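Novice: build the 3D model from these lines:
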Amino acid sequence: MKKKNKLISYFLILLLVLLSFFGGSFYEKQKIKSSSYPTTPSIPSNQSLSVVEVSDGDTLKLSDGKTFRLYGVNAPEVKEPLFEEAKAFTENLVLGKEISFEQEENYKVDKFGRTLGYVFVDGVNLNIELVRNGFARVVLYEKRAKIKYQDELLSAEKSAKDLRLGIWRK
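Specialist: Next up is the predicted model:
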């Protein structure tokens, strides 16, 4: 009888541990879903937007007052080598020009409230061009799904590295 009670106790402890683990995992998933980044309304595709300011190589101010951050790339920040060059490159491509953009389904706004996506001017993808010319690195997150232009971005980065352009000069 004592052995049977011990087995039942072990079984109940194991059951409790499993329920705690799976219950916690479920709670975390729900918490992540509910505590997403701030949302901004989607910009209608028929709205004409232009770039009024370039903050750095990967951050733009749009004519509607919103700040737009290029997704999947990271250009040099202030005081980092090639900051000015990356900013000038972006300015030359988009400043004062009408743009269009695409967004990832699940990553439309970052934690700072900036709109995220891929910018196009005259059919050219700014995100890819920055990387291709060595003015930005590709940024991918391990636990996220493959991004829309991942293959093109990685190919552009490899090309820039092979040609030792911009940040890959060494």
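Novice: quick check: Glu77 is in a helix.
Specialist: No. Glu77 is assigned coil when assessed by DSSP: H, G, I helix; E, B strand; the rest coil, not a helix.
Novice: next, count neighbours for it.
Specialist: 12 (other C-beta atoms under 10 Å). (C-beta placed from N, C-alpha, C; glycine too.)
Novice: in stretch 51-64, what's buried?
Specialist: Buried positions in stretch 51-64, judged by neighbour count with 16 or more other C-beta atoms under 10 Å: 51, 54, 56-60, 62.
Novice: tell me how far the ends of it are from each other?
Specialist: 9 Å (C-alpha to C-alpha, to the nearest Å).
Novice: swap in stretch 114-128?
Specialist: 20 Å.
Novice: how about stretch 68-82?
Specialist: End-to-end distance of stretch 68-82 (C-alpha to C-alpha): 21 Å.
Novice: now stretch 85-103
Specialist: Counting by C-alpha to C-alpha, you get 26 Å between the two ends of stretch 85-103.
Novice: for that stretch, the averaged confidence score.
Specialist: Average pLDDT, stretch 85-103: 95.
Novice: show me what it is in contact with.
Specialist: 42-43, 45, 48-58, 60, 62, 68, 71, 75-76, 115-122, 124, 126, 129-130, 133, 135-136, 148, 166 (C-beta atoms under 8 Å, 6 or more residues apart in numbering).
Novice: how far does it sit from the chain's center?
Specialist: 17 Å (C-alpha atoms, centre = their mean, to the nearest Å).
Novice: got the domain ranges for this protein?
Specialist: The chain breaks down by automatic domain parsing into domains covering 1-35, 49-168.
Novice: just name the most buried of those.
Specialist: domain 49-168 (a mean of 17; mean count of other C-beta atoms under 10 Å).
Novice: worst mean pLDDT among the domains of the chain?
Specialist: domain 1-35 (a mean of 59).
Novice: now, which of the buried residues of stretch 51-64 sits nearest Lys4?
Specialist: Of all these, Asp58 has the smallest distance to Lys4: 65.6 Å, by C-beta to C-beta.
Novice: thought that closest one was touching Arg69?
Specialist: Yes. Between Asp58 and Arg69 there is a contact under C-beta atoms under 8 Å: 6.3 Å.
Novice: can you pull the contacts of Ala160?
Specialist: By C-beta under 8 Å, 6+ apart, the neighbours of Ala160 are 131-134, 166-168.
Novice: among those residues, which two are most distant?
Specialist: Spatial extent of these (C-beta to C-beta) is set by the pair Arg132 and Ile167 at 12.1 Å.
Novice: what are the ranges of the helices in this structure?
Specialist: 2-34, 83-94, 126-132, 150-162 (DSSP state H).
Novice: kind regards, and thank you for your time.
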